[in-house]
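Participant: Got a sequence here, can you model it:
(chains A and B)
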Amino acid sequence: MDSSSTLISSNRWPRRARVAIATGATAAGLTAALAGASFGLQAVGLPRPTRGQVIAAGSLRWLTGQRAIESTSAGSPGAALCVNANVRLGREPHIVHGSLLLANGERLVDTRYATFLLRRRLSEIDGQSAALAAVLAGCPRALERRLGRLLDQRVAVRSAPLGRDLVRITFSEPIRSLSLLVWRQTSMPFAIRLGRSQWHYLAPATRQALDTPGAHVRASSNVIVEDRT
Amino acid sequence: MRGWFHERRSILAAAIVSRALVFGSAVVSHGLGWPHAPTVPLHIASTKRTLTYLGYWDGPWYRNIAEHGYLLVAGRQSNPAFFPLFPMLLRAVHGLGLSYLTDGLLLANAAFLLGILVFYELGRRIVSTEIARTAAIIAALFPMSYVFSMTYPESILLAALSLALLFAVDRRWSACALAGAVAALTRPEALFFALPLVVIAVEHERAAGRLERGRAIGAALAPLASLAAFPLYLGWTLHDVFAWNRAQQAWGRSFQLGGLARAFEQLNQPGQSPWLWRDAGFAVLFLALLAAAYLRGVPLVWVLAGAAVVVAPLASGTFISDARFGLLALPAYWGLALIARRAALRRGLFVVSAALLVGATMTLPVVNP
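Facilitator: Numbers count the residues shown, from 1 in each chain, chains lettered A, B, ... in the order given. Down below sits the predicted model:
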């Protein structure tokens, strides 16, 4: 290779590089401008959910990952335990998702259709107050259902900070409005109440609590407690 | 101007007649109270208004986003599964004082008219004028094309996508980038047509100056950039960039490697809706028409983009709604037009297609398109 060809190639390379950089910069600039415009258009053109709705949605998501919750309240002598369960209703072949609630020496089974007292067999009881008991005990599925319905209906939610770590959210329902105290970091509900009732304090169930005899159910009862490991 | 209308009069006539058939069928369905079964509440839409059927199924979800914005409700069907452009337009037009149903119908049908005309212009640059005209008429009369008149974003996607591709073929890169970005905010299928955009941009690269070359590459990347802005927006507003994927799962769609096999398995599962076979049938039809388009000279890259529109949703494990998604496999219409070259065959195709369009519109109360 002679000296003239070396000179030509060394001159051409920077020019190619310049062209490539100019082309790349134009492409990147156009792409970034469009991405920014698309983002901005959405930010301006669509309403945003309130802070309370986003916190409530976070709590709902946390609940979907839970299998069992323990709850305590000032008005009750001991802790209540609620475990996810699958329930066969009557002679129906299919199984519905529900909750098994152990509280005050009784066993309640709550489903989206009805609530039952579990002794030897399932016997249906007044759904309204029993279903509310399941919500107050923090039964993941009962509380998920309630929160999901309120969020689906876009019921207004007020939120107020409580110290550094907690936030209080309250749904604006005409009767028995649902309030939650939620940990900011994890979205975990820390306490719950309906209307002016006592606060019920919630925590994921311990292994010890899950070994309670009441949490073991006979197969003939049509209730299958979900795997707790 | 008169010449312009004269050349396109058959396409405009097909567009208007097909919409008259769709609206007429919806009105007759509503008047007859069809179907006489207690299945109506499924659609969470009012049944009182005459054109209510055209606002069924996904329509209330778009309205929900326009009214309240996005919110991911874990474990339930929620609205981040739907793309943002259509609800943004609904919200903007709602400011004029019309109902959301009227807004949606006006937007969808105006976009359809524009989309069909632009699809014809695009076709003239890829196939012959006669084939482009036939393809545009077929697209207007296609049995599933009633979706273009519903409060759905498909007609806006048809218009935006056709415009993006037309601008690319005409080397108008900034306009192409804008239309591509709009298409990608409408539905994710827009991304597949980045493939022909890339090929056109690369082919153009050698001949162009550096600035134009950059614009061409930028235009090809525009749908991707715009698409990426949607999860970023969800991350900003819901603190979850994966909200779209999570919402899709709650709607029974999760994109996995074995999704295609699961989609075929689902066809034979007990208890599945027989309507699933409609979607599977249309998927096969679209793919056959794309193959016909390729064999008759439509460039491979266009055919591949069309095939991706039909096949990619199946990776979510179901054929559900593939008959609707495939409507945007644009080269399939060229394939059908290339098959129906003889005048008698073409006329027969138009008549059969129009009859099927009426029948398909009448199924709206019972099955999601």
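Participant: tell me the contacts of whatever residue of chain B ends up closest to chain A?
Facilitator: In chain B, the residue that lies nearest chain A is B:G214 (2.4 Å; CB to the nearest CB). C-betas here are computed from N, CA, C, even on glycine. Residues counted as contacts of B:G214 (CB atoms under 8 Å, 6 or more residues apart in numbering or on different chains) are A:A22, A:T23, A:G24, A:A25, A:T26, A:A27, A:G29, A:L30.
Participant: near chain B, which residues of chain A show up?
Facilitator: Proximity of chain A to chain B, by CB under 8 Å from any CB of the partner chain, involves residues A:19, A:22-32, A:34-39, A:41-43, A:45-49, A:53-54, A:57-58, A:60-61, A:63-64, A:144, A:148, A:151-152, A:154.
Participant: mind checking which helix or strand of the chain has the lowest mean pLDDT?
Facilitator: Chain wasn't specified; assuming chain A. Lowest on mean pLDDT, DSSP states H and E among the helices and strands of chain A sits strand A:223-225, with a mean of 77.
Participant: Can you look at chain B instead?
Facilitator: For chain B, counting by mean pLDDT, DSSP H and E, helix B:194-205 ranks last in confidence among helices and strands (a mean of 84).
Participant: The helix or strand following that helix vs helix B:194-205, what angle?
Facilitator: Counting by DSSP states H and E, the next helix or strand C-terminal to helix B:194-205 is helix B:210-238. Calculated by axes from the mean of the first three to the mean of the last three CA atoms, to 10 degrees, helix B:210-238 forms an angle of 160 degrees with helix B:194-205.
Participant: Look at B:P270 and say how many residues are nearby.
Facilitator: Counted by other CB atoms under 10 Å in any protein chain shown, the residues lying close to B:P270 total 4.
Participant: how far away is the residue in chain A that chain B sits nearest to from B:L224?
Facilitator: For chain A and chain B, the shortest gap (CB to the nearest CB) falls at A:T26, measuring 2.4 Å. Distance, A:T26 to B:L224, by CB to CB, to the nearest Å: 16 Å.
Participant: same thing with B:L32?
Facilitator: Relative to B:L224, B:L32 is positioned 46 Å away (CB to CB).
Participant: Settle it for me: which of these two has more neighbours?
Facilitator: Between B:L32 and B:L224, B:L224 has the larger neighbour count (other CB under 10 Å), namely 17 against 10.
Participant: how about low-confidence regions in chain B?
Facilitator: The model of chain B has pLDDT under 70 over residues B:34-47, B:205-211.
Participant: which helix in it runs the most residues?
Facilitator: For chain B, the helix with the greatest residue count under DSSP state H is helix B:2-32.
Participant: Then chain A?
Facilitator: helix A:3-45.
Participant: which helices and strands does it pack with?
Facilitator: Secondary-structure packing of helix A:3-45 (3 or more CB pairs under 8 Å, 6 or more residues apart in numbering or on different chains; DSSP states H and E): helix B:85-94, helix B:173-186, helix B:210-238.
Participant: Determine which stretch of the ones you listed is the most buried.
Facilitator: helix B:173-186 (a mean of 26; mean count of other CB atoms under 10 Å in any protein chain shown).
Participant: That one close to chain A?
Facilitator: Yes. Using CB under 8 Å from any CB, helix B:173-186 reaches chain A at B:S174, B:A177, B:L178, B:A181, B:A184, B:L185.
Participant: got it, and stretch B:103-116?
Facilitator: No. Shown here: stretch B:103-116 not in contact with chain A (CB under 8 Å from any CB), separated by at least 13.7 Å.
Participant: ok, which stretches of chain A are strands?
Facilitator: Taking DSSP state E as the criterion, chain A contains strands spanning A:68-73, A:80-88, A:95-103, A:106-111, A:115-118, A:122-125, A:157-162, A:166-171, A:178-183, A:189-194, A:200-204, A:223-225.
Participant: For the ones you listed, please prepare TSV with the additional fields mean neighbour count.
Facilitator: Below are the strands of chain A laid out as TSV (neighbours: other CB atoms under 10 Å in any protein chain shown):
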stretch	mean neighbour count
strand A:68-73	21
strand A:80-88	23
strand A:95-103	22
strand A:106-111	22
strand A:115-118	21
strand A:122-125	15
strand A:157-162	15
strand A:166-171	19
strand A:178-183	21
strand A:189-194	21
strand A:200-204	19
strand A:223-225	18
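Participant: nearest to B:D279, of these?
Facilitator: For the strands of chain A, proximity to B:D279 was assessed by CB to CB; strand A:95-103 is nearest, at 28.9 Å.
Participant: And the closest one, what does it pack against?
Facilitator: On a contact count with 3+ CB pairs under 8 Å, 6+ apart, strand A:95-103 meets strand A:80-88, strand A:106-111, helix A:127-136, helix A:140-152, strand A:223-225.
Participant: ok, now with 6 Å
Facilitator: Under the contact criterion of 3 or more CB pairs under 6 Å, 6 or more residues apart in numbering or on different chains; DSSP states H and E, strand A:95-103 touches strand A:80-88, strand A:106-111, helix A:140-152.
Participant: Including mean pLDDT and distance to B:K48, could those go into CSV?
Facilitator: Listed next are the helices and strands packed on strand A:95-103 as CSV, based on pLDDT from 0 to 100; distance: least, CB to CB, whole Å:
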stretch, mean pLDDT, distance to B:K48
strand A:80-88, 91, 38
strand A:106-111, 91, 33
helix A:140-152, 95, 22
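Participant: any chance of the ones you listed in TSV, plus distance to B:G115?
Facilitator: Listed next are those as TSV, based on distance: least, CB to CB, whole Å:
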stretch	distance to B:G115
strand A:80-88	49
strand A:106-111	48
helix A:140-152	33
